[in-house]
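S.K.: below are the sequence and a predicted model for it; my questions follow.
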Amino acid sequence: MDGILHYLAQVTDSGVKPAVRIPLTASYWMGVRTNAASSNMDNYPDLNAQYRTMITKMVEQFTEAGAVSILDLHWNDDDTEQQEMAVKNSASNAIDFWKNISMDFASNPNVFYELYNEPHIDS
């Protein structure tokens, strides 16, 4: 992260606003145990809190350095990736995730939201 912060310090044009995309996993943020996440959650029993702390610190460092932080829902629910995001029967569905994220970062004007990265259509 020091390399990115060093790069941000090099931007001298006041008309340029650098941006950093931060890919997020909804099941980790929401503390939802999924088949794919189970081993990580077993190895790190406080993974949910650790993950939130890490993301929050990254956003704080980047935005304090003058960059926009783009929070990107990259992995929603790693067990059933192809289902429709907003209607999934999971505590890590997109609506609950974004309600939670938006409350945490509501006061930071340099946080942008990418609702879902690379959606896949499955017939």
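M.R.: Yep, it's here.

S.K.: can you map out the helices along this protein?
M.R.: 2-10, 26-30, 38-43, 47-64, 94-105 (DSSP state H).

S.K.: by contact count, what packs against the last one?
M.R.: Which is helix 94-105. helix 26-30, helix 47-64, strand 68-75, strand 111-114 (3 or more CB pairs under 8 Å, 6 or more residues apart in numbering; DSSP states H and E). C-beta coordinates here come from the backbone N, C-alpha and C atoms, glycine included.

S.K.: got a markdown table for these, with distance to residue 105 too?
M.R.: A markdown table is the format used below for these (distance: least, CB to CB, whole Å):
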| stretch | distance to residue 105 |
| --- | --- |
| helix 26-30 | 12 |
| helix 47-64 | 7 |
| strand 68-75 | 7 |
| strand 111-114 | 4 |
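
S.K.: hang on, the earlier thing: pick the most deeply packed of the helices of the chain.
M.R.: Greatest average neighbour count among those goes to helix 26-30 (a mean of 23), per mean count of other CB atoms under 10 Å.

S.K.: the helices and strands packed on helix 94-105: which one's closest to residue 17?
M.R.: Residue 17 sits nearest to strand 68-75 of all these, at 5.8 Å, using CB to CB.

S.K.: what are the contacting residues of the closest one?
M.R.: 17-27, 55, 58-59, 62-63, 81, 85, 94, 97-98, 101, 105, 108, 110-118 (CB atoms under 8 Å, 6 or more residues apart in numbering).

S.K.: re earlier: pipe the helices of the chain into TSV and attach distance to residue 72 and mean pLDDT per row.
M.R.: Below are those laid out as TSV (distance: least, CB to CB, whole Å; pLDDT from 0 to 100):
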stretch	distance to residue 72	mean pLDDT
helix 2-10	15	66
helix 26-30	11	87
helix 38-43	20	90
helix 47-64	11	95
helix 94-105	11	89
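
S.K.: Throw these into a markdown table and include distance to residue 70, thanks.
M.R.: Output for the helices of the chain, formatted as a markdown table (distance: least, CB to CB, whole Å):
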| stretch | distance to residue 70 |
| --- | --- |
| helix 2-10 | 13 |
| helix 26-30 | 15 |
| helix 38-43 | 24 |
| helix 47-64 | 10 |
| helix 94-105 | 11 |
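
S.K.: so residue 67 sits against residue 19, correct?
M.R.: Yes - assessed by CB atoms under 8 Å, residue 67 is found in contact with residue 19 at 6.1 Å.
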